[in-house]
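Chemist: fold the following for me, if possible:
(chains A and B)
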Amino acid sequence: MAAIEIKNLVKSFGPVKAVDGVSFSVEAGSVTGYLGPNGAGKTTTLRSLLGLVTPDSGEALVNGRRYVALPRPVTEVGAVLEATNFHPGRTARNHLRVLCTAAGLPGSRADEALEQVGLADAADKRVLGFSLGMRQRLALASALLGRPRVYILDEPANGLDPAGIEWLRGFLRHLAHVEGAAVLVSSHVLAEVEQTVDNVVIIAKGRLVRQGSLAELTSNGERVIRVRSAQAADLAPALETAGGMVERVEDGLLRVRGLDAETIGRVALDRRIVVTEVTQERSDLQTVFLELTEGR
Amino acid sequence: MSLIPGLVRAELRKLFTTRLWWIMLIVTLLLVGMYLGFFMAFAGVSQDGGAMPELDTPQWTEIAWATGASTGIFVMILGVVMMTSEYRYQTITGTFLVTPRRGLVIVAKLLAGLIVGALFALAVLVFEAVTVIPAVTLAGGEFSPSASRVPQISLGIVATLTLYAVFGIGLGALVRNQIGGIVAAVVWSYVIEGIFTGIPALHGVGKWLPAGAAQALMSIDLDTGLGRPEWLPAWAGALVLVGYGLVFAAVAAATTVRRDIT
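Modeler: As a prediction, the model looks like this:
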């Protein structure tokens, strides 16, 4: 049984189909990136999964059940939604203690979770004075309270500084790969999650565009280098001799696999061939993602 | 259902970890103090056929003691805020993530509202005791709970404040906008109820409103100079108040359980 399972999910708001027949699943021990431009339907999918939004049709299951049917949901699922879900006049610790009381967890979990996200020093400060990054950490702390095995995070990197993003990456990888949790993390910025995720699901205009493992989607993990030269016809056999697989795209343009840029440069130098471009091609994932995001 | 006690405690913790509750408590006691000061100043003064009894009479204590019920508006506002701040600060998302069965959240809020209303009523009664009893004694009168019907009036104050907290929560669930909810509460209790329970000609309607029903519960029979009010019998007043409480609770549940939280 998959930790998270979404089957043919459909949800409209008035005339707008926010999510239109999306299906995918997330297994324990892996991080799945849920990617798409703003307004693609990511948040609606996640909120359906969490019982906050009622889907028109289809199913969104956690551990094989609808969220509302989970007897103690915070012990199974940790969720991070927007960074604004706090009363500004309440302290960080009190915010978490309210949740602990409602969930029947001991109040000591509040302090442990604050420690885990590095907010122990700010425990008694009112949320009013928190930066966006601190709010994100507090939101993450509330997801950790029940020690769940499934994490659902909506744009958790928003508002984090580069160090915070790096910390978050390590944290999510640790949860999935060391503790064996299932992690679903949405983002509209590929670069934020590319180094973290094992699997990718791409959505645009409410429809699933592409899904698979990161390795599958990045042209089987092979790097392709574009080489442009007026003497491409002479360069190609030389690169093949050096061990490269060369594809002749058009007059003067080659796509080379199996060699790095430095080797290609040396081969060209040895043959006294002028090269006007040596560029690493974007991976398939980036290409797909950019096509989707730049189109709007 | 075993979840309910924890949820009620969580709701109380929400209220008591923010500042509004004690601001409201101070305002409540200030209002009672203001009324009592006014009644002390005008004790024994008669005007236009109506008269304020002398300070040392049981009738004065009766009227003074009943002022506690006029603070319902503040617990009502507190109830409005208990509900609407969840929407204002989007904490409703976290609340429903912990407890996705929203009906339980509403039940817990209503029970917490009853407790908060009762605590406020208790504070008001203590405040009245420490001001009215010395005032009467100093004026040479004797404080007699039975002659002044203090137990019955106190019960009316507790009933009024607890139920107004419930009204507030129901109103908050219906309106969801914090400012809108507070304005509606003020307009309701000061303008609408004020008119229909203050003007004798309109008592036919006013006696069916919460404020009128609360007056009935306490059976305060004061001629303010505009003629004697005709309230419902005390038991009917109690029934009307409970009926309003149930209606507002049903409104709170119906407007919250199925709505998408986006």
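Chemist: residue A:180 and residue A:148 touch, don't they?
Modeler: No. At 11.8 Å, residue A:180 and residue A:148 do not qualify as touching, with contact defined as CB atoms under 8 Å. Quick note: C-beta positions are derived from backbone N, CA and C, even for glycine.
Chemist: could you find the closest non-adjacent residue to the residue of the stretch 1-150 of chain B found nearest chain A?
Modeler: Using CB to the nearest CB, residue B:10 is the residue of the stretch 1-150 of chain B that sits closest to chain A, at 3.6 Å. Closest residue to residue B:10 apart from its sequence neighbours, by CB to CB, 6 or more residues apart in numbering or on different chains: residue A:102 at 3.6 Å.
Chemist: kindly report the same for residue B:189.
Modeler: Residue B:189 sits nearest to residue B:73 (CB to CB, 6+ apart), 4.5 Å away.
Chemist: same for the helix or strand containing the one you found, what does it pack against?
Modeler: Residue B:73 belongs to helix B:72-88 when assigned by DSSP states H and E. Judged by 3 or more CB pairs under 8 Å, 6 or more residues apart in numbering or on different chains; DSSP states H and E, the packing partners of helix B:72-88 are helix B:4-16, helix B:20-41, helix B:91-98, helix B:102-138, helix B:150-175, helix B:178-186, helix B:210-218.
Chemist: one more time with 7 Å, if that's ok
Modeler: Contacts defined by 3 or more CB pairs under 7 Å, 6 or more residues apart in numbering or on different chains; DSSP states H and E place helix B:72-88 against helix B:20-41, helix B:102-138, helix B:150-175, helix B:178-186.
Chemist: surely residue A:104 is in contact with residue B:7?
Modeler: No. Using CB atoms under 7 Å as the test, residue A:104 is too far from residue B:7 to be in contact (9.3 Å).
Chemist: returning to that earlier point: run a quick neighbour tally on the residue nearest to residue B:189.
Modeler: The local packing of residue B:73 (other CB atoms under 10 Å in any protein chain shown) involves 22 other residues.
Chemist: can you give me the pLDDT of the residue in the stretch 101-250 of chain A positioned nearest to chain B?
Modeler: With CB to the nearest CB, the shortest gap between the stretch 101-250 of chain A and chain B falls at residue A:102, namely 3.6 Å. Residue A:102 carries a pLDDT value of 96.
Chemist: OK, contacts around it?
Modeler: Residue A:102 makes contact with B:6-7, B:10, B:98-99 under the criterion CB atoms under 7 Å, 6 or more residues apart in numbering or on different chains.
Chemist: in three-state terms, label the nearest residue to residue A:6 once chain neighbours are set aside for me.
Modeler: Nearest non-adjacent residue to residue A:6, counting by CB to CB, 6+ apart: residue A:60, 5.1 Å away. Assigned by DSSP: H, G, I helix; E, B strand; the rest coil, the conformation of residue A:60 is strand.
Chemist: how near is residue A:60 to chain B?
Modeler: 12 Å (CB to the nearest CB, to the nearest Å).
Chemist: give me the neighbour count for that residue.
Modeler: 23.
Chemist: next one: residue A:15
Modeler: Using other CB under 10 Å: residue A:15 sits among 5 other residues.
Chemist: list the contacts for residue B:234?
Modeler: So residue B:234 contacts B:216-217, B:219 (CB under 7 Å, 6+ apart).
Chemist: which positions in the stretch 1-150 of chain B make contact with chain A?
Modeler: Within the stretch 1-150 of chain B, the positions adjacent to chain A are B:6-7, B:9-10, B:13-14, B:17-19, B:85, B:89-91, B:93-94, B:96-101 by CB under 7 Å from any CB of the partner chain.
Chemist: got the residues of the stretch 51-200 of chain A near chain B?
Modeler: Counting by CB under 7 Å from any CB, the stretch 51-200 of chain A sits next to chain B at A:51-54, A:67-68, A:73-74, A:79, A:81-82, A:84-90, A:94, A:97-99, A:101-104, A:142.
Chemist: residue B:27: neighbour count?
Modeler: 14.
Chemist: pLDDT score for the nearest residue to it once chain neighbours are set aside?
Modeler: Of all residues not flanking residue B:27 in the chain, residue B:74 sits nearest, at 5.8 Å (CB to CB, 6+ apart). Residue B:74 carries a pLDDT score of 95 in this model.
Chemist: can you check residue B:220 too?
Modeler: 63.
Chemist: same thing with the one 4 residues further on?
Modeler: Residue B:224 carries a pLDDT score of 48 in this model.
Chemist: ditto for residue B:122
Modeler: 97.
Chemist: nearest residue to it other than its sequence neighbours?
Modeler: residue B:158 (7.9 Å).
Chemist: centroid residue for chain B?
Modeler: residue B:72 (2.3 Å; CA atoms, centre = their mean).
Chemist: how about low-confidence regions in the stretch 1-150 of chain B?
Modeler: Counting by pLDDT under 70, the stretch 1-150 of chain B shows low-confidence ranges at B:1, B:48-50.
Chemist: what about stretch A:59-68, start to end distance?
Modeler: Stretch A:59-68 has an end-to-end distance of 12 Å (CA to CA, to the nearest Å).
Chemist: what do you get for stretch A:156-167?
Modeler: 12 Å.
Chemist: now do that stretch: everything it contacts.
Modeler: Residues contacting stretch A:156-167 (CB under 7 Å, 6+ apart): A:80, A:83, A:132-133, A:136, A:140, A:168, A:185, A:187, A:192.
Chemist: just to revisit the earlier point, got a winner among the contacts of residue B:234 for most neighbours?
Modeler: residue B:217 (28 neighbours).
Chemist: which of the residues in stretch B:33-49 are buried?
Modeler: B:35-36, B:39-40, B:43 (16 or more other CB atoms under 10 Å in any protein chain shown).
Chemist: what does stretch A:153-165 give?
Modeler: A:153-158, A:160, A:164-165.
Chemist: got it, and stretch B:111-122?
Modeler: For stretch B:111-122, using 16+ other CB under 10 Å, the buried residues are B:111-121.
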